[in-house]
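**Student:** Okay, here's the prediction I keep looking at, along with the sequence it came from:
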Amino acid sequence: MERTAALAMALAKVRLAVPGDEGALGSIDAIVSSVEAKALGTAKTLGLVLGLQSVTGTDLEEHRRANVPHMADAEFKRTMRRFFARPDVLVFGNETADEAKRRFLAGVGAAVSARPGKRLAVVSHGTVIALALAKANDVDPFTLWESLRLPEAIVVRQSDWRIIERLALEE
């Protein structure tokens, strides 16, 4: 939580553009989180630092894989590489990469639609974030997923999902 609070302070200093007007600057207006425990804790800490209440959104959860037993790190990375390489195939878990991406994008879309004109912090999970950002930023989803740090904030342009800035604390 200390690292999340420090990251939130760094995020508070980011000058975010108002949706639709890349020249006008503002700050985060709302925090919407996955219902998963790690995301809820991160959103709560972010809200405390930024002076905002966090709420939960629908379909912002991680790739659905509750039925998967724990794997050793090397095996998990190999499985994740196959998962990202075959997005239309059920590699493991309860949904394909394409299904997880569609669900997550719908969840973000619903959060944005419910708060027109607001700048949102969406607190979610690495796999679905990598799936959502990879194509728009012309990066390999596995490489992006592997590069994510905890905690990390990725500032994106709402109009096209292009990454504006990545903020993470030094290890």
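**Tutor:** That came through, no problem. Treat the numbers as computed from the prediction; the structure is a model and nothing was measured.

**Student:** alpha carbons only for contacts and neighbour counts from here, please
**Tutor:** Will do.

**Student:** Give the buried residues for the longest helix along the chain.
**Tutor:** The single longest helix within the chain, with elements called by DSSP state H, is helix 97-113. By neighbour count, and taking 16 or more other Cα atoms under 10 Å as the criterion, the buried residues in helix 97-113 are 97-105, 107-108, 111-112.

**Student:** For these, give me JSON lines that also has distance to residue 81.
**Tutor:** Converted to JSON lines, these look like this (distance: Cα to Cα, whole Å):
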{"residue": "97", "distance to residue 81": "11"}
{"residue": "98", "distance to residue 81": "14"}
{"residue": "99", "distance to residue 81": "17"}
{"residue": "100", "distance to residue 81": "15"}
{"residue": "101", "distance to residue 81": "16"}
{"residue": "102", "distance to residue 81": "19"}
{"residue": "103", "distance to residue 81": "20"}
{"residue": "104", "distance to residue 81": "20"}
{"residue": "105", "distance to residue 81": "21"}
{"residue": "107", "distance to residue 81": "24"}
{"residue": "108", "distance to residue 81": "25"}
{"residue": "111", "distance to residue 81": "29"}
{"residue": "112", "distance to residue 81": "30"}
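
**Student:** My read is that residue 119 contacts residue 28, right?
**Tutor:** Yes - taking Cα atoms under 8 Å as the contact criterion, residue 119 and residue 28 are neighbours in contact, 5.1 Å apart.
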